[in-house]
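Colleague: Got a predicted structure here, sequence first:
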Amino acid sequence: MLNLIVFEIQTLDFLTEVLASKDWQLSCPSLQESFPGISMGGWTQNVDFLRIDGQTSSNERGELLKDFSNNKKLKLFLISSVAGGIGTNLVSANRVVLMDSHFNPTIDLQAIYRCYRYGQTRNVFAYRLLTQGSMEEKVYSRAVNKTGLGNRVIDGKELRRCFKQDEINSLATVDDWVECVRCQQWRML
């Protein structure tokens, strides 16, 4: 099973629309290149996938969480990170895909920990989708630095560096472009 956690309601609406469409390749043409000749689509909400957002009542949330744990035919659970909230336990899922990074890194960590809980018997895999050269990428890099700073100052942990000192100092600039050493592409931090 897959547990997908998103932050923005617009992204949640788009994904729900794509999942329900008869042919996903019309909404996401890159699927044609990745899976040539394979037709995908036509999932039904509450049959193939579930969704929790801010409009879902607390009673309905409880029922949806119970359904996801008990119904092995469900393939996906779409949850907005804020509406999922603290206390959501999804040990029946073992994959978390984070879309739309949050400025507060603990929100994203809580999303991962919804699957990585006591009672989880399988390995949990977390994936983060970022758009290269976007503001989202800059938000993520600041969240990484914020987490590292919190770990050093509050928890007294000594962490290995993920960034060079000049990269950390340059986060205060408005337009920070760097060239990737491996692919020689320019991108904004």
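Modeller: Right, received. Where do you want to start?

Colleague: Give the helix, strand or coil label for the closest residue to residue 103 other than its chain neighbours.
Modeller: Excluding its sequence neighbours, the residue lying closest to residue 103 (CB to CB, 6 or more residues apart in numbering) is residue 139, at 5.9 Å. For every residue, glycine as well, the C-beta is placed using N, CA and C. Judged by DSSP: H, G, I helix; E, B strand; the rest coil, the three-state class of residue 139 is helix.

Colleague: And the spatially most central residue of the chain, which helix or strand is it part of?
Modeller: Geometric centre of the chain, nearest residue: residue 98, 0.6 Å, by CA atoms, centre = their mean. Element membership for residue 98 (DSSP states H and E) is strand 95-99.

Colleague: Quick check: beta-bridge partners of the residue nearest to the centre of the chain?
Modeller: For residue 98, the beta-bridge partners are residue 5, residue 128 (DSSP bridges).

Colleague: Quick check, it in contact with residue 112.
Modeller: Yes: between residue 98 and residue 112 there is a contact at 7.5 Å, judged by CB atoms under 8 Å.

Colleague: shared neighbours, those two?
Modeller: residue 126 (CB atoms under 8 Å, 6 or more residues apart in numbering).

Colleague: what's the closest non-adjacent residue to residue 21?
Modeller: residue 41 (5.4 Å).

Colleague: Under a three-state scheme, what state does that neighbour occupy?
Modeller: Once three-state DSSP is applied, residue 41 turns out coil.

Colleague: Contacts only, for it.
Modeller: 19, 21-25.

Colleague: Export those to TSV and append columns for pLDDT, distance to residue 93 and neighbour count.
Modeller: Formatted as TSV, the contacts of residue 41 follow (pLDDT from 0 to 100; distance: CB to CB, whole Å; neighbours: other CB atoms under 10 Å):
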residue	pLDDT	distance to residue 93	neighbour count
19	87	16	22
21	89	24	16
22	88	26	9
23	84	26	14
24	83	21	19
25	78	26	19
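
Colleague: between the residues you listed, which is closest to residue 82?
Modeller: Relative to residue 82, the closest of these is residue 19; by CB to CB it sits at 20.8 Å.
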